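Chemist: just a sequence and a predicted model for now, questions to come.
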Amino acid sequence: KAGVTQTPRYLIKTRGQQVTLSCSPISGHRSVSWYQQTPGQGLQFLFEYFSETQRNKGNFPGRFSGRQFSNSRSEMNVSTLELGDSALYLCASSMRNSGTEAFFGQGTRLTVV
Amino acid sequence: GENVEQHPSTLSVQEGDSAVIKCTYSDSASNYFPWYKQELGKGPQLIIDIRSNVGEKKDQRIAVTLNKTAKHFSLHITETQPEDSAVYFCAASMAGGYQKVTFGTGTKLQVIP
């Protein structure tokens, strides 16, 4: 059974640009959550999608957005990139919701220069 | 919102010794407590979890205990091996809803051969 796939693995962007990250969950999983991981702040929850609807959102500015498609694949978008957005972005999939076993992808390492 | 504190931030043990990582949570409504292991360059991997209707759970060399009254839970690794070296995260959430998962700040475990 394939795991959670995140693409791309690495990205370098310039301040002010926008970026889209992709996450393909484990087959049969309908919930996808996104996290930002930085050395100083640890793992911070961004948002969770279930059945194409955003069910919960963390404390991030509106520049961070996401969506989920009918096949449960999810994308997150960050507009007007800032240096502080440099981080490892992780997505996790679970069968039902965030209170069940969640499986993480390897993440996308975003560097903003 | 939920707040999870994790201690210690770093832990060094000799191979074969035991390691204990402790977490406390603030929201008494939380009832699902997973533990994740993150190796360098990889996403977090679920290693064990416990629900609030259970006080202890074991899986080979790994065990987790939960004290609901005190709102703390702990990870115990016995007979540590060099491959146990990684960063460990505890987390808390409410199963059955869409409450975000809140992570602890992580413990870097080093097992010295």
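Modeler: Yep, it's here.
Chemist: from here on, contacts and neighbour counts on C-alpha atoms
Modeler: Will do.
Chemist: list phi and psi for A:Asp85.
Modeler: phi -80, psi -10 (degrees, to the nearest 10).
Chemist: just B:Glu83 next, same as before
Modeler: Note on B:Glu83: its backbone torsions stand at phi -70, psi -10 [degrees, to the nearest 10].
Chemist: nearest residue to it in space, ignoring adjacent ones along the chain?
Modeler: B:Val111 (7.8 Å; CA to CA, 6 or more residues apart in numbering or on different chains).
Chemist: quick check: residues of chain A near chain B?
Modeler: Applying CA under 8 Å from any CA of the partner chain, one finds that chain A approaches chain B through A:41-45, A:47-48, A:55-58, A:90, A:97-107.
Chemist: out of those, which sit inside strands?
Modeler: The members of these that map onto strands under DSSP state E are A:42-45, A:47-48, A:55-57, A:90, A:102-104.
Chemist: picking that back up, give me the helices and strands touching the helix or strand harbouring the residue nearest to B:Glu83, please.
Modeler: Taking DSSP states H and E as the definition, one finds B:Val111 inside strand B:107-112. With contacts taken as 3 or more CA pairs under 8 Å, 6 or more residues apart in numbering or on different chains; DSSP states H and E, strand B:107-112 sits against strand B:10-14, strand B:86-92.
Chemist: ok and the residue in chain B nearest chain A?
Modeler: Residue nearest to chain A within chain B (CA to the nearest CA): B:Ala95, separated by 3.7 Å.
Chemist: what is the most centrally placed residue in chain A paired to in the beta sheet?
Modeler: Closest to where the C-alpha atoms of chain A average out (CA atoms, centre = their mean) is A:Trp34, at 3.4 Å. Counting by DSSP bridges, A:Trp34 forms beta bridges with A:Phe47, A:Cys91.
Chemist: tell me the pLDDT at the nearest residue to A:Val113 once chain neighbours are set aside?
Modeler: Counting by CA to CA, 6+ apart, A:Thr14 is the residue found nearest to A:Val113 once chain neighbours are left out, at 4.9 Å. What the model reports for A:Thr14 is a pLDDT of 98.
Chemist: go ahead and confirm A:Thr14 touches A:Ser86.
Modeler: No: under the criterion of CA atoms under 8 Å, A:Thr14 is not in contact with A:Ser86, lying 10.5 Å apart.
Chemist: higher neighbour count, these two?
Modeler: Per other CA atoms under 10 Å in any protein chain shown, whichever of A:Thr14 and A:Ser86 has more neighbours is A:Ser86, with 19 against 14.
Chemist: tell me the bridge partners for the nearest residue to the more buried one once chain neighbours are set aside.
Modeler: In space, and not counting its chain neighbours, A:Ser86 is closest to A:Thr111: 4.6 Å by CA to CA, 6+ apart. Beta-bridge pairing for A:Thr111 (DSSP bridges): A:Ile12.
Chemist: do I have it right that A:Thr111 meets A:Lys13?
Modeler: Yes: using CA under 8 Å, A:Thr111 is in contact with A:Lys13, at 6.3 Å.
Chemist: who has more neighbours out of the two?
Modeler: Between A:Thr111 and A:Lys13, counted using other CA under 10 Å, A:Thr111 has the larger neighbour count: 19 against 16.
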